[in-house]
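Visitor: A predicted structure for the sequence below; I have some questions about it.
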Amino acid sequence: MTIYDISKKAGVSIATVSRVLNGSDKVRPATRKKVMDIIEKYDYTPNAFARGMGLHSLKTVGILCADSSDLFLAKAVYYLQQELQANDYESILCCTGFNLDIKKNYLDLILSKKVDGIILVGSNFIGTTEEENQYIKDVSTQIPIMLLNAAFDYPNVYSTLCDDYTAMAEVTSSMIEAGITDILYLYNSNSYSGAKKLGGFEAAMQEHHIADYGKRIYFYDGDPQRVKDISRFMEPIYEKTPFHGVITADDALAIGAIKSAQQRGIRIPEELSVIGYNNSMLTCCCTPELTSVDNRLETQTHQLVQTLLGVLSGEEMPKQSVFSGKLIKRGFSRTLFK
């Protein structure tokens, strides 16, 4: 018997059950009695989730991150820990890698530490099949699960993310409407977020009736932090695929494309326009600086923590918080935005 089971049998939300467990006065007497009757009938003992609702809470949150060397994920962890500390919560961080079984093991480990909630940082925690996501469902019956940069519709799972699909579609349309239709799209992840970005790019190309755009879509499966490797990856592409615009799913990929173009003597932005994604510190590491989509990571992390705090207080909180990306215009595409 879990708090999720109680909410189903009582016909109320998990938040309502948590308010009953927490002794809140915001529950009608009849509803309180219904919930308590079920708790007594099934001899339910408040578990880790109840601790998260304020019953013997340790004020500690577990954070799982697939790859702490990734600039986006590392920055997200930093912002999350700052937000949690500002609200008197400590955190336990585990770097899981990308193997599903290892992620499951780390999730069980974090759960054993009696944390009040768990934050999954990055869209790689969401799989494409029900089986791949079962471990999240199982844990969510015990404590709240917070997703950053991904969406998953399930009770007691709360998602905070950027609308990557729309942001990428708008950026692509801007480049097309500026007269550049032979656009190279470079990406390095098939995660939830990666798929949304690719979908947005393809939708914009189709909307503008750009033929054969698929031949200019390339997947880079190397280390995105190794800019020289990205540059070398670009070399054969120049030989077989003409293009005058580059849009990438990550700033590191854009920097690699820029380095490769400069080595060939291609003038940027006069002969080639480049747009990255994530608005990371890398945007200022080239001359001129890189135009990039800001996915508002700091805003996302603030909202995620506020949602978690609300859930732990027994409040009804939005299951999904979605933010619009913002294009930060800099030198490598300035001719597009006069």
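Guide: Good, I have the coordinates. Residues are numbered from 1 along each chain as shown.

Visitor: so where's the protein shaky on pLDDT?
Guide: 1-2, 4, 22-23, 44-57, 332-338 (pLDDT under 70).

Visitor: and the helices in it?
Guide: Along the chain, the segments classed as helices by DSSP state H run 3-10, 14-21, 29-41, 48-52, 71-86, 100-112, 130-140, 164-177, 192-207, 227-240, 251-263, 297-312.

Visitor: JSON lines please, covering those and showing distance to Asp221.
Guide: (Each C-beta comes from the backbone N, C-alpha and C, glycine too.) As requested, these are exported to JSON lines (distance: least, CB to CB, whole Å):
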{"stretch": "helix 3-10", "distance to Asp221": "39"}
{"stretch": "helix 14-21", "distance to Asp221": "40"}
{"stretch": "helix 29-41", "distance to Asp221": "51"}
{"stretch": "helix 48-52", "distance to Asp221": "38"}
{"stretch": "helix 71-86", "distance to Asp221": "18"}
{"stretch": "helix 100-112", "distance to Asp221": "18"}
{"stretch": "helix 130-140", "distance to Asp221": "20"}
{"stretch": "helix 164-177", "distance to Asp221": "20"}
{"stretch": "helix 192-207", "distance to Asp221": "12"}
{"stretch": "helix 227-240", "distance to Asp221": "9"}
{"stretch": "helix 251-263", "distance to Asp221": "12"}
{"stretch": "helix 297-312", "distance to Asp221": "24"}
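
Visitor: out of those helices, which is closest to Lys319?
Guide: helix 297-312 (9.0 Å; CB to CB).

Visitor: how about the helices of the chain, which one is nearest Ala151?
Guide: Going by CB to CB, the one of those nearest Ala151 is helix 192-207, 7.0 Å.

Visitor: can you pull the buried residues of that closest one?
Guide: 192-198, 200-205 (16 or more other CB atoms under 10 Å).

Visitor: next, find the distance separating the spatially most central residue of the chain from Gly325.
Guide: Central residue of the chain (CA atoms, centre = their mean): Asn149, 1.2 Å from the mean position. Distance, Asn149 to Gly325, by CB to CB, to the nearest Å: 12 Å.

Visitor: could you tell me which residues touch both of the two?
Guide: When contacts are counted by CB atoms under 8 Å, 6 or more residues apart in numbering, Asn149 and Gly325 are jointly contacted by Cys162, Asn295.

Visitor: which of the buried residues of helix 192-207 sits closest to Leu100?
Guide: Among these, and counting by CB to CB, the member closest to Leu100 is Tyr192, at 14.5 Å.

Visitor: give me the number of neighbouring residues for the residue nearest to the closest one when sequence neighbours are not counted.
Guide: Closest residue to Tyr192 apart from its sequence neighbours, by CB to CB, 6 or more residues apart in numbering: Ser123 at 3.6 Å. Per other CB atoms under 10 Å, the neighbour tally for Ser123 reads 24.

Visitor: Ser123 reaches Ser191, doesn't it?
Guide: Yes - assessed by CB atoms under 8 Å, Ser123 is found in contact with Ser191 at 4.2 Å.

Visitor: what do the two both touch?
Guide: Contacts common to Ser123 and Ser191, judged by CB under 8 Å, 6+ apart, are Ala150.

Visitor: residue contacts, the closest residue to Ile180 other than its chain neighbours?
Guide: Using CB to CB, 6+ apart and skipping residues adjacent in sequence, the residue nearest Ile180 is Gly245, 4.0 Å away. By CB under 8 Å, 6+ apart, the contact set of Gly245 is Met175, Ile180, Asp182, Ile183, Leu184, Leu272, Ser273, Val274, Ile275.

Visitor: what's the answer for Gly310, then?
Guide: Met317.

Visitor: and it, how far from Ala167?
Guide: 26 Å.

Visitor: also Val322?
Guide: 11 Å.

Visitor: quick one: which of the two has more around it?
Guide: Ala167 (23 against 15).

Visitor: start and end of stretch 245-258, how far apart?
Guide: Length of stretch 245-258, first residue to last, CA to CA, to the nearest Å: 11 Å.

Visitor: no, scratch that, I was asking about stretch 92-108
Guide: Stretch 92-108: ends 13 Å apart by CA to CA.

Visitor: closest one of the buried residues of helix 192-207 to Gln134?
Guide: Using CB to CB, the buried residues of helix 192-207 come closest to Gln134 at Tyr192, 16.4 Å.

Visitor: what residues are up against that closest one?
Guide: Tyr192 touches Ser123, Asn124, Ile126, Asn149, Ala150, Ala151, counting by CB under 8 Å, 6+ apart.

Visitor: any residues touching stretch 64-74, and which ones?
Guide: Contacts for stretch 64-74 (CB under 8 Å, 6+ apart): 76-77, 93-98, 103, 106-107, 110, 118-122, 124-125, 224-225, 250-252, 278, 280-282, 297.

Visitor: who wins for proximity to Gly331 among the helices of the chain?
Guide: Nearest of the helices of the chain (CB to CB): helix 251-263, 10.6 Å.

Visitor: just want the angle from that closest one to helix 71-86.
Guide: 140 degrees (axes from the mean of the first three to the mean of the last three CA atoms, to 10 degrees).

Visitor: wait, Ala151 sits on Ser159?
Guide: Yes - the pair Ala151 and Ser159 qualifies as a contact (CB under 8 Å) at a distance of 4.2 Å.

Visitor: ok so, going back, now, among the contacts of Gly245, which is nearest to Pro155?
Guide: Ile275 (38.3 Å).

Visitor: lovely, talk soon.
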